[in-house]
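S.K.: coords please:
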Amino acid sequence: MNIDKRALREVAEKATKGPWKVFSDIDTKTFSIHTPRDKRCENVIKWGGFDCQPNAEANAEFIAAFNPKVALALLDENIQLQRGKDAIEAVALALRDDMQQAREQLAAAEQERENWRISFDNERYRADKLAAALNAEREKLVMANRSLIIQHIRANSAESRIAELEARTVCLPKLPVLGSTTERYEGFAAGASSMRNECANAIHAAGIKVEGE
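M.R.: Down below sits the predicted model:
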């Protein structure tokens, strides 16, 4: 039910203020309402009618109870309740706005945390990848250094061996002096000389000094 509270207040303010009292005349079935400063209790009259309505007295009592003073008090109380309701709604709206702001701040913080986590994971991945690359390069350097050491040792050994070989001297036997000029001795002398020359050439090719040439 929609009550026009403004209109109700206007008529209540114009009416006689309470309290009101019921004046009952059982014989005439007339129920009057006595208001302050009236003399004949005729301000409000509720007649039972020809059929003597059984609720006529109850209606008169209700009218007397719900007098303008009570109506105005209820209207004032309603205003206070409405003001309280408005205040509660204002607080609720403020809380809603605060909660919305808090949710947004929380969402932003969670997003920032997620961004930092992703950034950290990316940096850690790069660091791990760089560390793996550095380890691989280190292994290569170690292997290269080891190879250089081995080559250096081999080179030193080779140099020592070469120096040793170069320092060696091979003495070739001298050809015998043949006093005979026969064909047999001449052939022997020529073969021996050829063998000596071949031997000397082989030794020269090996880098060995030859004496007695």
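S.K.: could you use CA atoms for every contact and neighbour count after this?
M.R.: Fine.
S.K.: hmm, which helix or strand of this protein has the shakiest average pLDDT?
M.R.: Least confident helix or strand, the chain: strand 44-47 with a mean of 55, by mean pLDDT, DSSP states H and E.
S.K.: walk me through the domains of the protein.
M.R.: Listed domain ranges for the chain are 5-82, 168-211 (source: automatic domain parsing).
S.K.: those domains: lowest mean pLDDT?
M.R.: Among the domains of the chain, domain 168-211 carries the lowest mean pLDDT, a mean of 64.
S.K.: same for the longest helix along the chain, what does it pack against?
M.R.: When the chain is parsed with DSSP state H, its longest helix is helix 68-167. Contacts defined by 3 or more CA pairs under 8 Å, 6 or more residues apart in numbering; DSSP states H and E place helix 68-167 against helix 5-14.
S.K.: after the helix it packs on comes which helix or strand?
M.R.: Sequence order places strand 21-25 as the next helix or strand after helix 5-14, per DSSP states H and E.
S.K.: what residues sit buried inside that next one?
M.R.: Applying a neighbour-count criterion of 16 or more other CA atoms under 10 Å, one finds 21-24 buried in strand 21-25.
S.K.: what packs against it?
M.R.: By 3+ CA pairs under 8 Å, 6+ apart, strand 21-25 packs against strand 30-34, helix 56-65.
S.K.: mind listing what the nearest residue to P68 once chain neighbours are set aside touches?
M.R.: In space, and not counting its chain neighbours, P68 is closest to A12: 4.7 Å by CA to CA, 6 or more residues apart in numbering. A12 sits next to 68-69, 71-72 when contact means CA atoms under 8 Å, 6 or more residues apart in numbering.
S.K.: most neighbours, which of those?
M.R.: Counting neighbours by other CA atoms under 10 Å, P68 leads the contacts of A12 with 23 neighbours.
S.K.: from what I can see it touches T16, true?
M.R.: Yes - assessed by CA atoms under 8 Å, P68 is found in contact with T16 at 7.0 Å.
S.K.: overlap in contacts, the two.
M.R.: By CA under 8 Å, 6+ apart, P68 and T16 have no common neighbours.
S.K.: and the residue nearest to P68, how far from K69?
M.R.: A12 sits 8 Å away from K69, going by CA to CA, to the nearest Å.
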